[in-house]
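Trainee: Sequence first, then the predicted structure, then my questions.
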Amino acid sequence: MVLQVEDLHTSFFTKMGEVKAVDGISFHVRERETFGIVGESGCGKSVTGLSIMRLLPEPSGQIVSGKIILEGKNLVELSKKHMRAYRGKVVSMILQDPMTSLNPVYTIGDQVGEAVRMHQDLPENMVEAEVIDVLRLLRIPAPEVRLKEYPFQLSGGMKQRVVGAIAMSCRPRLLIADEPTTALDATIQAQYIALFEDIQEKTNVAIIFITHDFGVVARICDRVGVMYAGKIIETAPTRDIFKNPKHPYTIALIKSVPQLDKKDDRLFSIEGQPPSMMNLPKGCRFCPRCHVALDICKEQEPPEVKISENRSVSCWRVK
Amino acid sequence: MASKILLEAKDIVKHYPVTRGLLQRTVGWVRALDGVSFSVEHGKSLSIVGESGAGKTTIARQILLLEKLTSGSIFFEGQDLNKMTPAEIKAVYRPKVHYVQQNPWSSMNPRMRVRDVVGEPLFVNTKQSKKKVYEEVGTLLEQVGIGAEGMNRYPHEFSGGQRQRIAVARALALNPSLLVLDEPVSALDVSIRAQIMNLFKDLQDKFNLAFIVIAHNLATVRYMSHTVAIMYLGQLVEYGDSEALFEHPLHPYTRALISASQLTLPEDSEGKAKQIILTGEMPSPLNPPPGCRFHTRCSEASDKCSRDVPEMHKIGKQQVKCHHYD
Amino acid sequence: MLSTLPTAKTKTKKQYRGVTRVTRVIQKLAFWVPLIIMIAMIILAIFANFIAPHDPNLPKITDRYTPPVFMEGGKSEYLLGTDQIGRDILSRLIYGARVSLSVSLLVILITAAIGTMLGIAAGYSGGRADAIIMRVVDMALSFPGLLLAMLLAVAIGPGFTTVVLALSILGWAGYARMIRGEALRISQSDFVAQARVNGASGWRIMTRHIFPNIINSLIVLMTLQVGMMILAEAGLSYLGLGITVPTPSWGAMVSDGRANLDNAWWISLFPGVCIGLVVLSGNFLGDWIRDKLDPRLRQL
């Protein structure tokens, strides 16, 4: 077990009150496993990633309670200084937009080299070899040449690989990727996903893949947690999520994604909007949009039910 | 038959100059569009698909007359737009063609209330009183599922999906016959996309609207369109009936795109093996490769492909630009 | 271990609430204090002849260098002391508000109006119009303002009009340059493309779409200019190109007292404080107006 998150609560304290962006979620990621967190914007998936990195915008964003156990250490209890040493070395992160993740005035070699120097005690003459090694891991062609180039000389796909190289520079145990493929084109996306699998094979890194795109989930994730309004409402192996989803939200979401090999005349659509995080419904959060809601759904939040070794669902309909 | 065609583009070309230095000397051209032809019929949809930089949005900007074509012509109901005067364009063309943009957060003036955002086409093009316009705005908002009471609020008070509905209401204000939809759902949440796509379909049936949909997601395109155009680096590589094209993609690039959009599950090793992963990225439109523009990434390319420019071949309901069909 | 966490929770919450209460009070003060200062200054300027205790231009040599009343040797009839020739500082400040405020407000209104119009026109239309306007802006920015003021002073004589003209003829260029950049950015935005597709005229786009979206930057720039203009007027008056002696203006008063900073600091300090107060209040009020004009911020 590389990462174990237990009952994590993260809130933002704003002028208008407390927003419970992540409201009690638990999951784990094993070595060499890719765990997907899927959900719509505002469901708390990115906040989950930032909480693990302890990179919430302070002072408004705070971890209120819960445990984040990475390699046996509870990150919530680490001091800021300790956490800084962990970040990049044991856990690192790739953000969505490769264009803004790189500093335009430094060369690729400088930026990857900085990450290497920060956490590895290498003599200066070894740093460059290490940088080339990482660039090669990310399958960047001609790394010796790229070293001296600036971000503007690279294409979008290549920049995203450099961002990946920075994240992987110290061979972390856990990599959090927050929508890393969303800004990429379909054919480049396919390349990038294949690259992720390759890196995982070589380094055994555990990956948390945050996305809203079920197509990407199907391709890369081993297990998936579906988030809705700050909660994980269903966790299951990827195959089961697609073949046998249990929660009405998951079912509806998968039905509403248009698929290439099926031509329906009308798409199945979920009516209404996700609830405002300032003003959550009393019972189950999905209840107002749910077609199969029971009376109890309006009153009480459903508990998380473990239905098999790898599956759990929070729905009153699932026993 | 010819009368069914609403809008036709013939061999349109758009090159943007690249300038440098104090004197703005032109040092090269970005060949954003290089001889593209297509047509849309009344009440039907044409989808234009391609990766970023392929020239999709450039096409939209030409159809909406936001820029001037380098060469080629666009015909609307048989009339050449190049030959129309600005007054004719404003009176005849503008009211008939509208635009829904990708990003519902930037497509509305944040300082205007919804009633003025949706009412703008009416204020600009008709001489109705304010009261009349707002009445009409109410009806339009009802039509897209927002409710008339929303008109007194500001755009930022609505969610993304609602804002996209408001943008649709604005596009419908003058009873257009063609809507250009530039990635109309890709900025929206997954659970909202289906709602909006269904809304477009309903409106198409109700008002006999023609759509030009610009998209990168093939599954969306398949649901939305009757005809599909696949673009690569400023040119169409494949064009034709949607059903036929998805059943039997002819161009290697189309096949790669379809493969990249298919849902493959992790255990599905057979599907994974069949998956086509292109190498490299699209070359720069500043300096497109000679011969077939796709040959640098094509696994089936031969010498001829890097030398000769392929012709458009007509095969059944499809057209394809590839030497394999010579 | 879990038992320690709930306390952490309540603590952070409390801390946060405390912070918001303090910020709220500060926010209220940041609006009311500058507003009262501004209104007070304007009232002083308008009703100067009723409020001022003394004739501002009447020297009384026997009372010169009287320190303010709270200091040793101060007299109750001169609350803020007197200057080198025995004129009452308070009365001069009150009269000086007239000149200083009217010059700066007038110049700001004129330059902002011209600069905004030309800036929007340049940014929206682009091409040749843009190039021409921007070259004129470059010339205006590089032209020595002092030379112009001197030419004007020679041509029409020093005085109120000369100051306003001298500051306005070149002052619009800074606005034009900044507004042009904003207008250019907004012209390329999605909603302007929409307006064009809807058939909106250039005039409508400039007035309904571009102008409302540059008000923020415009107001910030205008409020920053309040102080600059008061000081510029002072400089010109000091050189004898502006308001003629003995009419008091704050800037002129500051420069008058420069030579006596070591023995009679109050001559320069009080007008300096007034300039500072007006500038600060202007900035605060500018921020407030900006927030009120923005529908997104208004509802927070």
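Mentor: On my side now, so go ahead.
Trainee: Residue in the stretch 201-319 of chain A with the shortest distance to chain C?
Mentor: Closest approach between the stretch 201-319 of chain A and chain C, counting by C-beta to the nearest C-beta: A:Met278, at 12.9 Å. The C-beta positions use only the backbone N, C-alpha and C, and glycine is treated the same way.
Trainee: which ones are touching B:Val133?
Mentor: B:119, B:122-123, B:126 (C-beta atoms under 8 Å, 6 or more residues apart in numbering or on different chains).
Trainee: Out of those, show me where the pLDDT dips lowest.
Mentor: pLDDT across the contacts of B:Val133 is at its lowest for B:Thr126, which sits at 90.
Trainee: hang on, the earlier thing: show me what contacts the residue of the stretch 201-319 of chain A closest to chain C?
Mentor: Applying C-beta under 8 Å, 6+ apart, the residues near A:Met278 are A:16-17, A:19.
Trainee: does the spatially most central residue of chain C belong to a helix or a strand, and which?
Mentor: Central residue of chain C (C-alpha atoms, centre = their mean): C:Val226, 1.3 Å from the mean position. Here C:Val226, judged by DSSP states H and E, is contained in helix C:211-238.
Trainee: Now do the strands in the stretch 51-200 of chain B.
Mentor: Taking DSSP state E, counting those that start in this stretch, the strands of the stretch 51-200 of chain B run over residues B:71-76, B:79-80, B:97-100, B:178-182.
Trainee: Select, out of those strands, the one closest to A:Asn310.
Mentor: Across these, A:Asn310 has its closest neighbour in strand B:178-182 (40.9 Å, C-beta to C-beta).
Trainee: now for that closest one, which elements pack on it?
Mentor: helix B:56-63, strand B:97-100, strand B:210-215 (3 or more C-beta pairs under 8 Å, 6 or more residues apart in numbering or on different chains; DSSP states H and E).
Trainee: partners of the second one, with directions?
Mentor: Translated: strand B:97-100. strand B:178-182 (parallel) (DSSP bridges).
Trainee: phi, psi of the residue in the stretch 51-200 of chain A positioned nearest to chain B?
Mentor: Proximity of the stretch 51-200 of chain A to chain B (C-beta to the nearest C-beta) peaks at A:Asp185, 3.8 Å away. Dihedral angles of A:Asp185 (phi, psi; degrees, to the nearest 10) stand at phi -80, psi 160.
Trainee: what sits against it?
Mentor: Taking C-beta under 8 Å, 6+ apart as the test, what A:Asp185 contacts is B:51-52, B:216, B:282.
Trainee: picking up where we left off before, next, the residue of the stretch 201-319 of chain A closest to chain C: secondary structure please.
Mentor: coil (DSSP: H, G, I helix; E, B strand; the rest coil).
Trainee: swap in the one 5 residues further on?
Mentor: In the three-state summary, A:Gly283 is assigned as coil, counting by three-state DSSP.
Trainee: was I right about it contacting A:Cys290?
Mentor: No. Using C-beta atoms under 8 Å, A:Gly283 makes no contact with A:Cys290, being 10.1 Å away.
Trainee: related to what we said a few turns ago, let's have the helices and strands packed on strand B:178-182 in a markdown table, adding mean neighbour count.
Mentor: A markdown table is the format used below for the helices and strands packed on strand B:178-182 (neighbours: other C-beta atoms under 10 Å in any protein chain shown):
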| stretch | mean neighbour count |
| --- | --- |
| helix B:56-63 | 22 |
| strand B:97-100 | 24 |
| strand B:210-215 | 25 |
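Trainee: hey, what's in contact with both of A:Gly283 and A:Cys290?
Mentor: A:Cys297.
Trainee: related to what we said a few turns ago, and the helices and strands packed on strand B:178-182 as TSV, adding distance to B:Pro176 and mean pLDDT?
Mentor: Output for the helices and strands packed on strand B:178-182, formatted as TSV (distance: least, C-beta to C-beta, whole Å; pLDDT from 0 to 100):
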stretch	distance to B:Pro176	mean pLDDT
helix B:56-63	12	93
strand B:97-100	5	94
strand B:210-215	9	94
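Trainee: closest to A:Ile307 out of the ones you listed?
Mentor: Comparing the helices and strands packed on strand B:178-182 by C-beta to C-beta, strand B:210-215 comes nearest, at 37.9 Å.
Trainee: for that closest one, packing partners?
Mentor: Identification of packing neighbours for strand B:210-215 by 3+ C-beta pairs under 8 Å, 6+ apart yields strand B:5-20, strand B:25-41, strand B:45-49, helix B:56-63, strand B:178-182, helix B:218-224.
Trainee: buried ones in stretch B:196-204?
Mentor: By neighbour count on 16 or more other C-beta atoms under 10 Å in any protein chain shown, the buried set for stretch B:196-204 is B:196-201, B:203-204.
Trainee: and what of stretch B:302-312?
Mentor: In stretch B:302-312, counting by 16+ other C-beta under 10 Å, buried: B:305, B:310, B:312.
Trainee: what does stretch C:84-96 give?
Mentor: C:86-96.
Trainee: With stretch A:292-304 instead?
Mentor: Neighbour count says stretch A:292-304 has A:293, A:297, A:301-302, A:304 buried, by 16+ other C-beta under 10 Å.
Trainee: same deal with stretch A:68-88?
Mentor: A:68-70, A:75-76, A:78, A:83, A:86-88.
Trainee: again, but for stretch A:302-316
Mentor: For stretch A:302-316, by 16+ other C-beta under 10 Å, it's A:302, A:304, A:311-316.
Trainee: Kind regards, and thank you for your time.
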